[in-house]
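> model this:
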Amino acid sequence: MKVWDRREFRNFDDTVELGTRNIKVALKRLRRWVREGTEEELDLPGTIHATAEHGYLDVQTHPERRNAVKLLMFFDVGGSMDEHVRVVEELFSAARAEFRRLEYFYFHNCLYETAWKDNRRRQSERIATWDLIHKYGQGYKVVFVGDAAMSPYEIAQPGGSVEHWNEEAGAVWLQRVITQWPNAVWINPTAERYWGYTHSTALIRDLFGGRMYPLTLAGLDAATRELSRKH
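Numbers count the residues shown, from 1 in each chain. Next up is the predicted model:
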């Protein structure tokens, strides 16, 4: 039987004080800095050097440096993910700090035909997954964050969702996402040694071509290496 109990999920807090700076360090591998725009940013070292050399205030500027990476993140919320909220919030906070061009959406257990931006309005303000696929081009780096722990039917079968009747299996939607973004990765906050205990984890990992990584420094490093590859 399906359960539609209107559970309330809390939005992630992107101002969480990180327990470790190493998450941000790991994410920096994905940064690609480029010069763009007009000369509008103060070049402090250049200004000091020019002023000392010329004997008067000689303000120097240079084009602002911007992070050109475009990142799209999908977060699993609720259920078994509740025990991972703290570490996922740390990841979310680090990503918000590192990437100006960050878009994020929520789902529960498996992605289906809709996702949502605000957990407080998830019942009324859903966004079609097709719209996300069409809106965000192949230039985006895509990261899913979830423990992949669910009934295999939620992935493999129409009607498998625990919250609504899904006309198409979750695997169909995940495959569409992977077709759009071929090197999308899945970050799993569950310790890797436990992955073998849930069949659904193996199903998700296979759909992502083995690109499932633990939410550890080594896992983030491997994931960002994969995302940095060109397809």
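
> Give the rounded mean pLDDT of the longest helix along the chain.
Ordering each helix of the chain by length in residues (DSSP state H) puts helix 85-98 first. If you average the pLDDT over helix 85-98, you get 89.

> tell me the angle of the helix or strand following it relative to helix 85-98?
Using DSSP states H and E, the helix or strand that follows helix 85-98 towards the C-terminus is strand 101-107. For strand 101-107 against helix 85-98, the angle by axes from the mean of the first three to the mean of the last three CA atoms, to 10 degrees is 160 degrees.

> residues making contact with whichever helix or strand comes after strand 101-107?
Moving toward the C-terminus from strand 101-107, the next helix or strand (DSSP H and E) is strand 114-116. With contact meaning CB atoms under 8 Å, 6 or more residues apart in numbering, strand 114-116 is reached by 74, 105-107, 122, 125-129, 132. The C-beta positions use only the backbone N, C-alpha and C, and glycine is treated the same way.

> Would you mark the buried spots in strand 114-116?
Neighbour counts using 16 or more other CB atoms under 10 Å place 114-116 of strand 114-116 among the buried residues.

> just those residues now: which is nearest Ala149?
Nearest to Ala149 out of the buried residues of strand 114-116 is Ala115 (CB to CB; 18.9 Å).

> follow-up on the earlier one: filter the contacts of strand 114-116 down to the buried ones.
74, 105-107, 122, 129, 132.

> could I get these as a markdown table with distance to Lys230 and pLDDT?
Formatted as a markdown table, those follow (distance: CB to CB, whole Å; pLDDT from 0 to 100):
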| residue | distance to Lys230 | pLDDT |
| --- | --- | --- |
| Phe74 | 22 | 98 |
| Phe105 | 25 | 97 |
| Tyr106 | 29 | 96 |
| Phe107 | 27 | 96 |
| Arg122 | 35 | 73 |
| Thr129 | 25 | 97 |
| Leu132 | 22 | 97 |
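
> wait, which of the residues you listed is closest to Pro214?
Proximity of these to Pro214, judged by CB to CB, is greatest for Phe74, which lies at 17.4 Å.

> quick one, phi psi at that closest one?
Note on Phe74: backbone dihedrals following degrees, to the nearest 10 are phi -120, psi 120.

> Could you do Gly139 as well?
Torsion angles, degrees, to the nearest 10, at Gly139: phi -70, psi -10.

> wait, what's in contact with it?
Taking CB under 8 Å, 6+ apart, we find Gly139 in contact with Lys70.

> Give me the distance between it and Glu53.
42 Å (CB to CB, to the nearest Å).

> Thr201 against Trp186, yeah?
No: with contact defined as CB atoms under 8 Å, Thr201 does not count as touching Trp186 (9.5 Å).
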